[in-house]
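[1] let me see the structure of the following:
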Amino acid sequence: MATEDNKFILYGGSGHAKVIAECIKANEGCVVGIFDDNPNLDCFGEIPFFGTYNPENHTNPMIVSIGDNKIRKKIVEKVKKEFGRIQHPSACVSPSVKIGEGTVVFHNSIIQVDSLIGRHVIINSGASVDHECEVGDFVHISPHATLCGNVKVAEGTQIGAGAVILPGITIGHGATIGAGAVIIRDVPDFAIVVGNPGRIIRYYEPAHNKFWPFGSV
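    Residues are numbered from 1 along each chain as shown. Reported below is the predicted structural model:
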């Protein structure tokens, strides 16, 4: 039976939310309700729909259950109450790893010794983060992506499914690494990189850049 420490509210009613709900259930917890900005949301079985966000109807820890990094950040900025953390029981996470609030670690993922994982990060199913990596806030590491040792990923970056980041690489703010890309050199801020070996095909426009302020990982 779920205790008060293991009951969560989700913000976002997408398929990503369904995976988070399964992670919570696997930890013998429960989702007490879902907020979503779509008033016509089709709820998930017996989970109540709370409608658009109301801070007065938010007494349990929240997880922002949206995969898009930019949208997740915008929602976090307007929610001023407690965020939880979720880790599926099948994930292998070293005791020395530090994980920020709002972060979710999905099925069969691995996070190795002395890695630092920021706030509101998604470590998706089967992803591997090797020793001493630093992952900034609002990063999404997609299914089966691999970060080798000592990789640094700055805030707001998307690492595509099956991508491989070689040891010691630094990836800048708001970058996108395409699915299956192999990254052999550092990636600058806001770059879009694809292929093996990875190559920059373009950069995001300034309007996108303003959303991710520069700063340390």
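[2] poorly predicted segments of this protein, please.
    The chain contains residues with pLDDT under 70 at 1-5, 42-44, 206-217.
[3] so which residue is dead centre in this structure?
    By C-alpha atoms, centre = their mean, the mean C-alpha position of the chain lies nearest to I122, the distance being 1.9 Å.
[4] what's the closest non-adjacent residue to that one?
    Of all residues not flanking I122 in the chain, H140 sits nearest, at 4.4 Å (C-beta to C-beta, 6 or more residues apart in numbering). C-beta coordinates here come from the backbone N, C-alpha and C atoms, glycine included.
[5] right, and that neighbour touches N69 too?
    Yes: counting by C-beta atoms under 8 Å, H140 does reach N69; the two are 5.5 Å apart.
[6] which neighbours do these two share?
    Common contacts of H140 and N69 (C-beta atoms under 8 Å, 6 or more residues apart in numbering): 157-158.
[7] tell me what the helix or strand encompassing E22 is packed against?
    Assigned by DSSP states H and E, E22 falls within helix 15-26. With contacts taken as 3 or more C-beta pairs under 8 Å, 6 or more residues apart in numbering; DSSP states H and E, helix 15-26 sits against strand 7-11, strand 30-35, strand 86-87.
[8] name the residues of that helix that are buried.
    The neighbour-count check on helix 15-26 (16 or more other C-beta atoms under 10 Å) flags 16-17, 19-21, 23-24 as buried.
[9] kindly report the same for stretch 158-171.
    Those would be 158-166, 169-171, for stretch 158-171 by 16+ other C-beta under 10 Å.
[10] tabulate these (CSV), appending secondary structure and distance to K98.
    Listed next are the buried residues of stretch 158-171 as CSV, based on DSSP: H, G, I helix; E, B strand; the rest coil; distance: C-beta to C-beta, whole Å:
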residue, secondary structure, distance to K98
Q158, strand, 22
I159, strand, 19
G160, coil, 25
A161, coil, 25
G162, coil, 26
A163, coil, 23
V164, strand, 24
I165, strand, 20
L166, coil, 23
I169, coil, 21
T170, strand, 19
I171, strand, 19
